[in-house]
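K.L.:
Sequence unavailable; structure follows:
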């Protein structure tokens with residue numbers, strides 16, 4: 001059973017008050033941020049960037065299957081949300097590198113933990129999908 005909180009929702013806050021987020025609240029702005037993070041390409045881009053700084057095409061190769069357009073949109077959204085840092089170096093041609101912000105690093109670390117659990121449990125889940133008993 002979910003208990004209602006005595007705290008105000010994000011939609012009812014005075015702009016001078018500290019923002020209190022509740023992803024379960026329909027109007028909470030944290031939902032849009034969550035959507036950018038937990039989409040397939042957001043998860044994979046953040047997890048890849050946890051490995052280090054990438055240029056756009058190298059990141060696109062690392063996140064196999066993502067189109068140029070989708071990766072560009074994903075990176076723009078994650079940058080807007082303060083999770084990815086985009087650095088343009090003044091060279092000819094311009095060199096653009098992407099890295100994680102401290103908040104992006106914290107979130108990506110948790111996502112990588114989740115991905116590791118998914119990979120470990122994947123054989124059993126694949127067997128379940130096929131209606132089979134998992135081996136071992």
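P.N.:
All right, it came through fine. Bear in mind that the values here come from a model prediction, so they are computed numbers and not experimental data.
K.L.:
Please make it C-alpha for all contacts and neighbour counts, starting now.
P.N.:
Fine.
K.L.:
The lengthiest helix in the chain - contacts with which helices or strands?
P.N.:
The residue-count maximum for a helix in the chain (DSSP state H) belongs to helix 102-129. Contact partners of helix 102-129 among helices and strands, from 3 or more Cα pairs under 8 Å, 6 or more residues apart in numbering; DSSP states H and E: helix 40-50.
K.L.:
any residues touching the helix it packs on, and which ones?
P.N.:
Residues outside helix 40-50 that contact it (Cα atoms under 8 Å, 6 or more residues apart in numbering) are 36-37, 59, 62-63, 66, 70-71, 74-75, 78, 98-100, 104-105, 108-109, 111-112.
K.L.:
Tell me where the model's unsure across the protein.
P.N.:
Per-residue confidence for the chain (pLDDT under 70) gives these ranges: 1-18, 133-136.
K.L.:
Walk me through the domains of it.
P.N.:
7-34, 39-129 (automatic domain parsing).
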